[in-house]
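J.: Sharing a sequence plus its predicted fold:
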Amino acid sequence: MNILVINGPNLNLLGIREPELYGTDTLDELMTWLETSSAGTGHSFKFYQSNHEGDIIDAIQDERQWADGIIINPAAYAHYSYAIRDALASVTIPAVEVHLTDIHGREEFRQLSVISNVCVGHVTGLGKNSYLEGLKLLVQHLKLQHK
Ligand code: DQA
């Protein structure tokens, strides 16, 4: 499967950004860990990070022929970007939303995700394992879809 992994704003600062919340791994370390995990074996990955809403939408559109599935941590955009939500709905590629922290147990403004209802799965609060569990969910979904 071809898996597009999208990380939104401020996730480029992982490792130094509020490590007590987001951990000490850099984004590169986290993505390499995901790609080389046993769940990642046999799949092709493209990794994309941007701090800009339109660039994330362009990446979703530009990769729509290549990607079989999307793992997205929209970061703060999860809470208010109808444009990213609509981009995911437009391309009809199965997407799983992931968050390092438990957005449902944090500040009120983080508890809503406007992206969730266009995703086939949602994993939050497991730290870097949110990405791993998200990948497993996505692959399971894609296998069922291709049966
Ligand atoms: C986050 C949670 C968001 O609320 C926050 O804005 C982020 C990171 C997470 O992975 O826990 O940037 O998406």
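T.: Thanks, I have the structure now.

J.: what's the longest helix in the protein?
T.: Longest among the helix segments of the chain by residue count, using DSSP state H, is helix 129-145.

J.: so does that one get close to the ligand?
T.: No - using C-beta under 6 Å from any ligand atom, helix 129-145 stays clear of the ligand, coming no nearer than 7.2 Å. Quick note: C-beta positions are derived from backbone N, CA and C, even for glycine.

J.: List the buried residues in that helix.
T.: Buried residues in helix 129-145, counted by 16 or more other C-beta atoms under 10 Å: Ser130, Tyr131, Leu132, Glu133, Gly134, Leu135, Lys136, Leu137, Leu138, Val139, His141, Leu142.

J.: Can you get me a residue count around Thr24?
T.: Here the number of neighbours of Thr24 (other C-beta atoms under 10 Å) works out to 10.

J.: And the pLDDT for it?
T.: We have a pLDDT of 96 for Thr24.

J.: ok, back up a step: from the buried residues of helix 129-145, which is closest to the ligand?
T.: Taking C-beta to the nearest ligand atom as the measure, the ligand sits nearest to Ser130 out of the buried residues of helix 129-145, at 7.2 Å.

J.: List the residues that contact that closest one.
T.: Contact analysis of Ser130 by C-beta atoms under 8 Å, 6 or more residues apart in numbering lists Asn73, Val98, His99, Leu100, Val123, Thr124.

J.: likewise Gly121?
T.: Here Gly121 is in contact with Val96, Glu97, Gly134, Leu137, Leu138, His141 (criterion: C-beta under 8 Å, 6+ apart).

J.: which among the residues you listed gets closest to Phe45?
T.: Leu138 (11.6 Å; C-beta to C-beta).

J.: correct me, but Thr101 touches Leu21?
T.: Yes - proximity of Thr101 to Leu21 meets the contact threshold set by C-beta atoms under 8 Å, at 5.6 Å.

J.: residues from this structure in reach of the ligand?
T.: So the chain meets the ligand at Asn10, Asn73, Ala75, Ala76, Ala78, His99, Leu100, Thr101, Ile103, Arg110 (C-beta under 6 Å from any ligand atom).
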